[in-house]
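Trainee: Let me see the structure of the following:
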Amino acid sequence: MKKLVEVFEVDSKTEGLDALIGEKVLLICSAYFYTGKLVGVNDTFVKLDDPAIVYETGAWTNKAYVDVQPLHVKTWCVQRAAIESFGVSK
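Mentor: The predicted structure follows:
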């Protein structure tokens, strides 16, 4: 049997999406990959400046994505429920 022995609370500003505000991020979502500067986070969505959709990443070791298409607007919102994983982007 595995058992959780110690529980402690983590400050949301030091982990998760909140900690990445101001960073260029990659959001791997259920349908698309989005990249841009993370400028807002709330319970429903996240907001990206200079947003783009990454249609083909290429090798993860490459310095740039193979096919990344800027969206037609300054900001874009992505539903948090669609985000599968996230992190700092190229």
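Trainee: Pass me the low-pLDDT residue ranges in the protein, would you?
Mentor: Low-confidence segments of the chain (pLDDT under 70): 2-5, 7-13.
Trainee: end-to-end on stretch 23-35?
Mentor: The first and last residues of stretch 23-35 sit 10 Å apart, counting by CA to CA, to the nearest Å.
Trainee: contacting residues around residue 86?
Mentor: Residues counted as contacts of residue 86 (CB atoms under 8 Å, 6 or more residues apart in numbering) are 17, 20, 25-28. Using the backbone N, CA and C atoms, a C-beta is placed for each residue, glycine as well.
Trainee: Any chance of the residues you listed in CSV with secondary structure as columns?
Mentor: Output for those, formatted as CSV (DSSP: H, G, I helix; E, B strand; the rest coil):
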residue, secondary structure
17, helix
20, helix
25, strand
26, strand
27, strand
28, strand
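Trainee: mind listing what the residue positioned nearest the centre of the chain touches?
Mentor: Nearest to the mean C-alpha position of the chain, by CA atoms, centre = their mean, lies residue 27 at 3.2 Å. Contact partners of residue 27, counting by CB under 8 Å, 6+ apart, are 33-35, 46, 48, 78, 83, 86.
Trainee: Repeat the analysis, applying 7 Å as the threshold.
Mentor: Contacts for residue 27 (CB atoms under 7 Å, 6 or more residues apart in numbering) come out as 33-34, 78, 83, 86.
Trainee: I'm done for today, thanks for sticking with me.
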